[in-house]
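Novice: Everything below, folded, please.
(one chain, ligands or ions: 2)
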Amino acid sequence: MSKRISDKMEKILNTQMTREAYQAQVYLSYASWAEVNGFPGIATFLYGHMQEEREHMFKILKYINDRGGESKIEAIKAAPKNPKNLGDCFEQILQHEIDNSKEIDKIVNLAHEEKDWSTFNFGQWFVEEQIEEETLINDIIDKYHLAAGEGKGGNSNLYDMDRDLASASQEGDLPREENL
Ligand SMILES: [Fe+2]
Ligand SMILES: [Fe+2]
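Specialist: Ligands and ions are numbered 1, 2, ... in the order given. Next up is the predicted model:
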């Protein structure tokens, strides 16, 4: 098969593939933390999101191989330290997603520079996905502040939030989707 991506692009895509595997580790570690700290619903949600990140990893692996490159399975760096509390947990996740969005932008920038419109198009899927994920986590942070900030009712509100997240969608609720 002829190689249809540049060596530079192959390398940056490989790095991103490993980065998505790292994102999965982040969700896995925070899910486990939530589970042992009395938030089973949030744990279920985060375990579910771990799967999404693994799918992203696999999507990039397939793309590299389909374009005549060769994916390299590399070491994944260790998951971050446990969060201090639930609020910190969500803030850390948001920061990881924002950092990841910036990495996706690098791929799209390179594709644009190289006039590699296939990878540019492929990258757009991730650009949209990152908008959804940042929205999703921002919405959860808003809910958390509402639940945790209700004074005496705080604990029972957090209980409700935990229960609700067990069955929450993994997709960000964007206006453009509501219009479809
Ligand atoms: Fe991802
Ligand atoms: Fe993500």
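
Novice: interface residues of the protein facing ligand 1?
Specialist: Residues of the chain found near ligand 1 (CB under 5 Å from the ion) are 20, 23, 53, 56. Backbone N, C-alpha and C define where each C-beta goes, glycine included.

Novice: Now do the helix or strand hosting the first one: which elements does it pack against?
Specialist: Right, Glu20. Per DSSP states H and E: Glu20 is located in helix 7-36. Applying 3 or more CB pairs under 8 Å, 6 or more residues apart in numbering; DSSP states H and E, one finds that helix 7-36 contacts helix 40-66, helix 86-114.

Novice: Put together JSON lines for the ones you listed, with distance to Ile12, mean neighbour count and mean pLDDT on each row.
Specialist: JSON lines is the format used below for the helices and strands packed on helix 7-36 (distance: least, CB to CB, whole Å; neighbours: other CB atoms under 10 Å; pLDDT from 0 to 100):
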{"stretch": "helix 40-66", "distance to Ile12": "10", "mean neighbour count": "19", "mean pLDDT": "98"}
{"stretch": "helix 86-114", "distance to Ile12": "6", "mean neighbour count": "17", "mean pLDDT": "98"}
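
Novice: Only the buried residues of the helix holding Glu20, if you could.
Specialist: In terms of neighbour count (16 or more other CB atoms under 10 Å), helix 7-36 has its buried residues at 9-10, 12-14, 16-35.

Novice: distance between the ends of stretch 62-80?
Specialist: The straight-line separation of the ends of stretch 62-80 (CA to CA, to the nearest Å) is 27 Å.

Novice: need the contact list for the residue in the chain that ligand 1 sits nearest to.
Specialist: The nearest approach of the chain to ligand 1 comes at His56, 3.7 Å away (CB to the ion). When contacts are counted by CB atoms under 8 Å, 6 or more residues apart in numbering, His56 touches 20, 23, 126, 129.
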